[in-house]
Every structure is written in structure tokens, then in C-alpha cells.
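[1] show me the folded form of this:
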Amino acid sequence: MSDSEHFDPLGPGRRENEDPQEKRMPRGVVIRLFAYLVAGHIIAGFLYLLFVVAGSK
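    Okay, the predicted model is just below:
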């Protein structure tokens, strides 16, 4: 018999030593978030530079 046959969806669902919350975000999410933040700031800086150059003429 498999464990899924004895699974109780209304039961506590965790072991005694298991923490219900994860302590850290997955590494891929952190890397992607950092890349998006860096890329977003670079694009925003470039657009700001375009407006400054266009406004000075």
C-alpha cells in the first residue's frame, strides 16, 4: 500500500520537527529578482539620460 492511501487531508500534515514556513526563498528566485532590479535600474537610468539630453537642447 502506498502512503497516499493513508493520507488524511484534514490531519496536521507535518512532522514534529518540521517547520511550517520556509526560511529562505529559492536561489533561482533571488537571482531573477536581483537581475530584474539591476536591469530595471539600468533601463530607468538610460531613459532619464535621454530626457536630460533631449531637454537640454
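[2] when you work out contacts or count neighbours from here on, use the C-alpha atoms and nothing else.
    OK.
[3] so where does the most centrally placed residue in the chain fall, helix or strand?
    The structure's the chain has its C-alpha centroid closest to Val29; by C-alpha atoms, centre = their mean the separation is 4.0 Å. Following DSSP states H and E, one finds Val29 within helix 27-55.
[4] so for that helix, mean pLDDT?
    The average pLDDT for helix 27-55 rounds to 96.
[5] so who does the residue nearest to the centre of the chain touch?
    Applying C-alpha atoms under 8 Å, 6 or more residues apart in numbering to Val29 gives no contacts.
[6] run a quick neighbour tally on Val52.
    11 (other C-alpha atoms under 10 Å).
[7] same question but for Lys57, I mixed them up
    Neighbour number of Lys57 under other C-alpha under 10 Å is 5.
[8] could you check the pLDDT of Glu5?
    pLDDT, Glu5: 73.
[9] and what of Glu22?
    Looking at Glu22, the pLDDT reads 69.
[10] Glu18 now?
    Confidence score, pLDDT, at Glu18: 67.
[11] cool, Asp8 as well?
    71.
[12] go on, the one 4 residues further on?
    According to the model's per-residue confidence, Pro12 sits at a pLDDT of 66.
[13] just say helix, strand or coil for Pro9.
    coil (DSSP: H, G, I helix; E, B strand; the rest coil).
[14] phi, psi for it please.
    phi -70, psi -20 (degrees, to the nearest 10).
[15] residue contacts, it?
    Counted by C-alpha under 8 Å, 6+ apart, Pro9 has zero contacts.
[16] about what we covered before: and the residue nearest to the centre of the chain, how far is that from Val38?
    Here the criterion is C-alpha to C-alpha, to the nearest Å. By it, Val29 lies 14 Å from Val38.
[17] and for Pro9?
    Pro9 is 43 Å from Val38, by C-alpha to C-alpha.
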